[in-house]
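>>> sequence plus predicted model, see below.
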Amino acid sequence: MMLVRVLGYEKDSVLTYPYEYISKAEALGLDNGLSSKPDYADYITRGDAAIILENALWADMNEKTTIYEWVYGIDG
């Protein structure tokens, strides 16, 4: 939920918790590279959390850029 909000995808419409947040996160590819399909009712490992966070750095923001590009001023 927090990463989807940070990426700006709650500005256009209110997402219902948790399923629309999960759906948006999957659509953005935040779950790419995980060791297995996550069970959203369970905890994730630190390794999977790191993968999700790195995916968020390169995910498109609602403003059509990535967090990495926004922080470092890179035109994408």
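Okay, I see it.
>>> contacts, neighbours, all on C-alpha from now
Noted.
>>> give me the residues contacting the host helix or strand of L57.
Counting by DSSP states H and E, the element that carries L57 is helix 46-58. For helix 46-58, the external contacting residues (C-alpha atoms under 8 Å, 6 or more residues apart in numbering) are L3, L7, G29, L30, D31, N32, G33, L34, S35, T66, I67, Y68.
>>> what comes up buried for that helix?
By 16 or more other C-alpha atoms under 10 Å, the buried positions in helix 46-58 come out as D48, I51, I52, N55, A56, L57, W58.
>>> if I look at the first one, how far off is S36?
When distance is defined by C-alpha to C-alpha, to the nearest Å, D48 is 9 Å away from S36.
>>> what of the third one?
Counting by C-alpha to C-alpha, the gap between I52 and S36 amounts to 13 Å.
>>> next: the fourth one.
According to C-alpha to C-alpha, N55 stands 15 Å off from S36.
>>> who does D60 form a beta bridge with?
Beta bridges link D60 to T66, judged by DSSP bridges.
>>> residues contacting it?
Applying C-alpha under 8 Å, 6+ apart to D60 gives the contacts L7, L28, T66, I67.
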